[in-house]
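The sequence and its predicted three-dimensional model are supplied below.
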Amino acid sequence: MLIMLCSVSTHSHADCIVLLHGLARTSNAMKHIVPPFEAADHQVVNVDYPSRKKTVEELAPLAVEKLGYSNCNANDTVHFITHSMGGILVRYYLENNEINNLGRVVMLAPPNQGSQVVDKLKNVPGYKLLNGPAGMQLGTDANSIPMQMGPVEFDLGVIAGSRTFNVLLSQFLPNPDDGKVSVENTKVEGMKAFITLPVTHTFMMKSKTVIDQAVNFIKTGKFLPL
């Protein structure tokens, strides 16, 4: 069933899982996370939003609310699993809005303290064209969106990656890193749980280990022991 730009599984249960992809990706990037939640009979809203067309301020209400949790059943507990910039959209939204029935949030490789890759490349010709206005807002300077936000006040688990195949971009990052974000920069004050796994930024959403950890945090509020 297709609702606006979201693919939604049609179950009527007490938990709704909203999936938010990262910059320059689509809902297809998050499809591997859908089956375990559908198998548990949860509703899943896999959001597809225009990440390269708008600013973070514009994308947050669009992706998180309009295309996201508003498509959950009215009384469902709403959980989020995000990749990369998707996590920044949730943080920005929740700094300015409330979700009364908010459950838990898992962020995969979020640039919670920005990324030095943006610092180094944002003035390179073609960068803005490829990454859009939101992609310009994810650096580590004082004007970046991540650096302007405060501690999180929701039940958050963060999964960082420590493996990279992008040697060029990793040169711009404090190690360890996942090729786009350093492990240290995924952290945010107020998070409830944190783990690092040997996965890359680009493909971590496909990792069974990552998915199992995300499912466990949504279910229990904890990550599985490593």
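Yep, that arrived. Numbering: from 1, shown residues only.

List the residues that contact L121.
Contact partners of L121, counting by C-beta atoms under 8 Å, 6 or more residues apart in numbering, are Y127, F172. To be clear about C-beta, it is placed using only N, CA and C from the backbone, and glycine gets the same treatment.

can you tell me how far it sits from L130?
10 Å (C-beta to C-beta, to the nearest Å).

what are the bridge partners for the most centrally placed residue in the chain, then?
By C-alpha atoms, centre = their mean, the chain has its centre lying nearest to T82, at 2.5 Å. Per DSSP bridges, the residues bridged to T82 are L20, M107.

for it, what are its contacts?
Counting by C-beta under 8 Å, 6+ apart, the residues that T82 touches are L19, L20, G22, L89, V90, V105, V106, M107, L108, P110.

if I look at it, how far off is V44?
Distance from T82 to V44, by C-beta to C-beta: 14 Å.

just V106 next, same as before
To V44, V106 is 14 Å away according to C-beta to C-beta.

N71 now?
In terms of C-beta to C-beta, N71 sits 10 Å off from V44.

Please apply the same query to V56.
For V56, the distance to V44 - C-beta to C-beta - is 24 Å.

My read is that G150 contacts Y92, right?
No - G150 is beyond contact range of Y92, at 11.1 Å (criterion: C-beta atoms under 8 Å).

Those two - which one has more neighbours?
The residue with more neighbours, out of G150 and Y92, is Y92; 21 against 10, by other C-beta atoms under 10 Å.

Angles on the backbone of the more buried one, please.
phi -60, psi -40 (degrees, to the nearest 10).

Could you check stretch 140-158 and say which residues are buried?
T140, S144, I145, P146, M149, V152, F154, D155, L156, G157, V158 (16 or more other C-beta atoms under 10 Å).

want to try a markdown table for those residues, with distance to L168, secondary structure and pLDDT as columns?
A markdown table is the format used below for those (distance: C-beta to C-beta, whole Å; DSSP: H, G, I helix; E, B strand; the rest coil; pLDDT from 0 to 100):
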| residue | distance to L168 | secondary structure | pLDDT |
| --- | --- | --- | --- |
| T140 | 18 | coil | 97 |
| S144 | 22 | coil | 96 |
| I145 | 25 | helix | 98 |
| P146 | 22 | helix | 98 |
| M149 | 29 | coil | 97 |
| V152 | 31 | coil | 98 |
| F154 | 35 | coil | 98 |
| D155 | 36 | strand | 98 |
| L156 | 31 | strand | 98 |
| G157 | 30 | strand | 98 |
| V158 | 25 | strand | 98 |
